[in-house]
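Chemist: This is a predicted model, with the sequence first.
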Amino acid sequence: MSHTLPRILEPELMDEPDKVLEYDRMDHHEVNHLFVTDFLRCVSDNSRYRNTDFPEILDLGTGTALIPQLLIMQDSRCHVTAIDKGPNTIAYASQRIEQQGMGDRIETRLEDSCQLSFEDICFDAIISNSLIHHLTEPVHCFHEAVRVLKPGGLLFFRDLLRPGNRQEVEQLVMRHAADGTAAQQQLLRQSLEAALTLEEVRQLLQGIPGLQTELRQTSDRHWTLIGTVSELV
């Protein structure tokens, strides 16, 4: 894909109550369901987890925690620490989790994914859906994820892929948000313009010691990163 579209950053923190609600009302079900299905398949394929309890999962940039809730619905053994940098966002997520009766399986915390307060090597799996395109310096998020991941643990990231030009942006907006409100269409448009290319993601990952990854495009607008860290980290 030839890229003539530069990366246009959007606000890193979109935490105004109206924007939180607007995002939450968008139809994420198909994308989120596929994310959870693909992640759980990776877990089942990883020999590390076959004879142990289900891994402790960290969800970076959880938003309104839709992914953790789907995980619990599909496998009640899950325990997820769901973090987000937005106070209003995490408050909204916490309220919904309690209403759904999932408070014993999902812990919400106000955290910066680029500067985590957790100790080293304390999670078995780390997931992130559509966080990277929000970050000005996403390399810090990758470094922090590797720092808190246990050796042999699973890294599973998925995010938007920046189109090559504005025409492709508009085609994707109409394909995936034609029935949405003007505000929802604009959110998708801005997110696509702020996303990274595959080559940009590869360059960010090059300098991280011990990280072994598979990175590829997995839809007309997404890339997926599956990785692990060696015992040497």
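Modeler: Structure's in. What do you need?
Chemist: residue ranges for the helices of the chain, please.
Modeler: 17-25, 29-45, 66-74, 87-99, 139-148, 166-177, 182-194, 198-205 (DSSP state H).
Chemist: Any idea which of those helices gets closest to T224?
Modeler: Closest to T224 of the helices of the chain is helix 29-45 (Cβ to Cβ; 7.2 Å). For every residue, glycine as well, the C-beta is placed using N, CA and C.
Chemist: one step back: now the helices of the chain as JSON lines including distance to T4 and mean neighbour count?
Modeler: Output for these, formatted as JSON lines (distance: least, Cβ to Cβ, whole Å; neighbours: other Cβ atoms under 10 Å):
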{"stretch": "helix 17-25", "distance to T4": "28", "mean neighbour count": "15"}
{"stretch": "helix 29-45", "distance to T4": "27", "mean neighbour count": "16"}
{"stretch": "helix 66-74", "distance to T4": "33", "mean neighbour count": "21"}
{"stretch": "helix 87-99", "distance to T4": "33", "mean neighbour count": "18"}
{"stretch": "helix 139-148", "distance to T4": "24", "mean neighbour count": "20"}
{"stretch": "helix 166-177", "distance to T4": "9", "mean neighbour count": "15"}
{"stretch": "helix 182-194", "distance to T4": "12", "mean neighbour count": "18"}
{"stretch": "helix 198-205", "distance to T4": "14", "mean neighbour count": "16"}
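Chemist: These into TSV, with extra columns for mean pLDDT and distance to P55?
Modeler: Output for these, formatted as TSV (pLDDT from 0 to 100; distance: least, Cβ to Cβ, whole Å):
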stretch	mean pLDDT	distance to P55
helix 17-25	66	27
helix 29-45	91	7
helix 66-74	94	11
helix 87-99	91	19
helix 139-148	96	13
helix 166-177	96	31
helix 182-194	92	29
helix 198-205	96	22
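Chemist: So which of these is nearest D220?
Modeler: With Cβ to Cβ as the measure, helix 166-177 is the member of these nearest D220 (6.8 Å).
Chemist: quick one on the thing from earlier: Serialize the helices of the chain to a markdown table and add fields for distance to Q217.
Modeler: What follows is the helices of the chain, written out as a markdown table (distance: least, Cβ to Cβ, whole Å):
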| stretch | distance to Q217 |
| --- | --- |
| helix 17-25 | 24 |
| helix 29-45 | 14 |
| helix 66-74 | 20 |
| helix 87-99 | 28 |
| helix 139-148 | 18 |
| helix 166-177 | 13 |
| helix 182-194 | 14 |
| helix 198-205 | 6 |
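Chemist: That concludes my questions; thank you for your assistance.
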